[in-house]
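# Sequence isn't available, so here's the structure alone:
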């Protein structure tokens, strides 16, 4: 299986190289994105096989690596879950990208996918950081592809700053762990979990590094600017998959490599920052008049929910409440998967609206349900899931998270009980505001009457020919 994973990463790298000389040809977009579609479906199938196959395969040593040892590939339940998400989101984005003519963005797309796949398939700190930085570089190139517009250049500069800050925090975090353990392999790091000030330093550095890449408040400033600057299928991949890869790195670092014996208070920073992100993202989503910016702010909200779940896992595990820790982990992982799927659907719908109606501004749209019924139906399903309406998947994951938050009183620490009660209140407020934002978006974009000549003449988008 790991050999197949390596082959998939190599195939994506070859597609990136092929995109350079072929970018000017009319069929290059269909060829490169079609290849990415096939690789993503293959990766999704590989992840599903690992999830259903029982014991994970033994790590695979590659023929290259740092001076202290070979690079390692590994897959377990956690990485396979996120690889499944990457495969599904990447396949949808690749299919949409086949109809897009963006030569400058062509090589960066498969490189972006390769970086994320390598991060998820890493079996040591070096490989994980290499994949993480490859993902950051490729996504920055995609954001900067349409650099003729001043706002896109500003978004690319800000995104690069936060990407560099993320790497500058994660490198010392893994360096501290490797220096203590005597190696960078995950098995070596697990055998020597940090304690005391070293554990606190790893926690802070991990939150800064992964939080900056995931768009966790207060490190979220790049996200509402970068998503509108990128092509819509790239925005879908960034919001649906890249932010979850960053949260995977946080979960791998704090839940796995730092050991199972960390104190209860380890979960409090994640719960606090997650609640802040959820509320802030939902509030901003109700104020935005750009469809893609609104969806980006909604991503900040959902990243907050997932981070709260990870914080509850740490706290419940520290309090020796294994059942509640499993509930919080299920809520967090399920929400990561469901958000990746419905946010991809929403971004691709917003891209279809932009192509057909010529605008992302909500006040210049309207009445598109008559001209674009299929796009409207897809957007309605995605918005209903984002609004946590039953029986859709967004309701299931947020319901599990609220159940885990309500069980916070089981931790015999009054400070944590108060924090859990406050986080529950903020999460409920964020969920209500998110529903209002989705209702506003669907109502103003698809219902009513057209508010511009281009919107009145919109037609349903066609797939790649």
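Happy to help now that I have it. These numbers were taken from a predicted model, which means no experiment stands behind them.
# Helix or strand with the lowest mean pLDDT in this structure?
In the chain, the helix or strand scored least confidently by mean pLDDT, DSSP states H and E is helix 453-456, which has a mean of 73.
# Packing partners of it?
Of the remaining helices and strands, none touches helix 453-456 by 3 or more CB pairs under 8 Å, 6 or more residues apart in numbering; DSSP states H and E. In short, each C-beta sits where N, CA and C put it, glycine included.
# what ranges do the strands span in the stretch 51-200 of the chain?
Per DSSP state E, counting those that start in this stretch, the stretch 51-200 of the chain carries strands over the ranges 60-61, 72-73.
# Next, the buried residues of the longest helix seen in the chain.
Ranked by residue count and defined by DSSP state H, the top helix of the chain is helix 322-357. Neighbour counts over helix 322-357 (16 or more other CB atoms under 10 Å) mark 324-325, 327-357 as buried.
# Looking at the strands of the stretch 51-200 of the chain, which is nearest to residue 213?
Smallest distance to residue 213 across the strands of the stretch 51-200 of the chain (CB to CB): 21.4 Å, for strand 72-73.
# returning to what we had before: who's in contact with the least confident helix or strand of the chain?
If you take CB atoms under 8 Å, 6 or more residues apart in numbering as the criterion, helix 453-456 is touched by 357, 358, 359, 364, 365, 366, 367, 368, 450.
# Now intersect those with the helices, please.
Per DSSP H, helices hold the following members of those: 357, 368.
# from the contacts of helix 453-456, which is closest to residue 443?
residue 366 (9.0 Å).
# Any idea how many residues pack against the closest one?
20 (other CB atoms under 10 Å).
# Isn't it up against residue 458?
No - under the criterion of CB atoms under 8 Å, residue 366 lies out of contact with residue 458, with a separation of 10.3 Å.
# overlap in contacts of the two?
Between them, residue 366 and residue 458 share the contacting residues residue 450, judged by CB under 8 Å, 6+ apart.
# Kindly report which one of the strands of the stretch 51-200 of the chain carries the lowest mean pLDDT.
By mean pLDDT, the lowest-scoring of the strands of the stretch 51-200 of the chain turns out to be strand 60-61, with a mean of 88.
# Among the contacts of helix 453-456, which pair sits farthest apart?
Taking CB to CB as the measure, these reach their widest spread between 358 and 367, a distance of 14.2 Å.
# Leaving out chain neighbours, which residue sits closest to residue 445?
Excluding its sequence neighbours, the residue lying closest to residue 445 (CB to CB, 6 or more residues apart in numbering) is residue 365, at 4.6 Å.
# actually residue 318, not the one I typed
Leaving aside its chain neighbours, residue 318 sits nearest to residue 264 (4.0 Å; criterion: CB to CB, 6+ apart).
# cool, residue 12 as well?
Nearest-residue entry for residue 12: residue 114, 3.8 Å, with adjacent residues in sequence omitted and distances by CB to CB, 6+ apart.
# ok, the one you found - contacts?
By CB under 8 Å, 6+ apart, the neighbours of residue 114 are 9, 12, 13, 16, 131, 134, 138.
# for stretch 34-42, which positions count as buried?
By 16+ other CB under 10 Å, the buried positions in stretch 34-42 come out as 34, 35, 36, 37, 39, 40, 41, 42.
# Give me the below-cutoff pLDDT ranges for the stretch 1-150 of the chain.
By pLDDT under 70, the weakly predicted segments of the stretch 1-150 of the chain are 23, 26, 100-104.
# For it, just list every one of the helices.
Per DSSP state H, counting those that start in this stretch, the stretch 1-150 of the chain has helices spanning 2-22, 28-52, 77-97, 108-120, 125-143, 150-181. These are given in chain order.
# Highest mean neighbour count out of the ones you listed?
A comparison of the helices of the stretch 1-150 of the chain by mean neighbour count, using mean count of other CB atoms under 10 Å, puts helix 108-120 on top with a mean of 27.
# Next, the angle helix 77-97 makes with that one.
Relative orientation of helix 108-120 with respect to helix 77-97: 170 degrees, computed using axes from the mean of the first three to the mean of the last three CA atoms, to 10 degrees.
# Centre of the chain to helix 108-120, how far?
Here the centre of helix 108-120 is set off from its chain's centre by 13 Å, with CA atoms, centre = their mean, to the nearest Å.
# Excluding chain neighbours, what is closest to residue 405?
Nearest residue to residue 405 in three dimensions, chain neighbours excluded: residue 424, at 4.3 Å (CB to CB, 6+ apart).
# How about residue 168, nearest residue that isn't a chain neighbour?
By the measure of CB to CB, 6+ apart, the closest residue to residue 168 outside its immediate chain neighbours is residue 209, 7.7 Å from it.
# That neighbour and residue 169 touch, don't they?
Yes - taking contacts as CB under 8 Å, residue 209 lies within contact range of residue 169: 3.5 Å.
# Output the contacting helices and strands for whichever strand or helix holds residue 440.
Using DSSP states H and E, the element containing residue 440 is helix 414-446. Helix 414-446 sits against helix 267-285, helix 291-318, helix 368-371, helix 373-386, helix 393-406, with contacts defined as 3+ CB pairs under 8 Å, 6+ apart.
# tell me the mean pLDDT over the last one?
It refers to helix 393-406. The average of the pLDDT scores along helix 393-406 is 92.
# Quick one: distance of whichever helix or strand residue 228 is part of to the chain centre.
Per DSSP H and E, residue 228 falls inside helix 223-229. Relative to the chain's own centre, helix 223-229 is displaced by 14 Å; criterion: CA atoms, centre = their mean.
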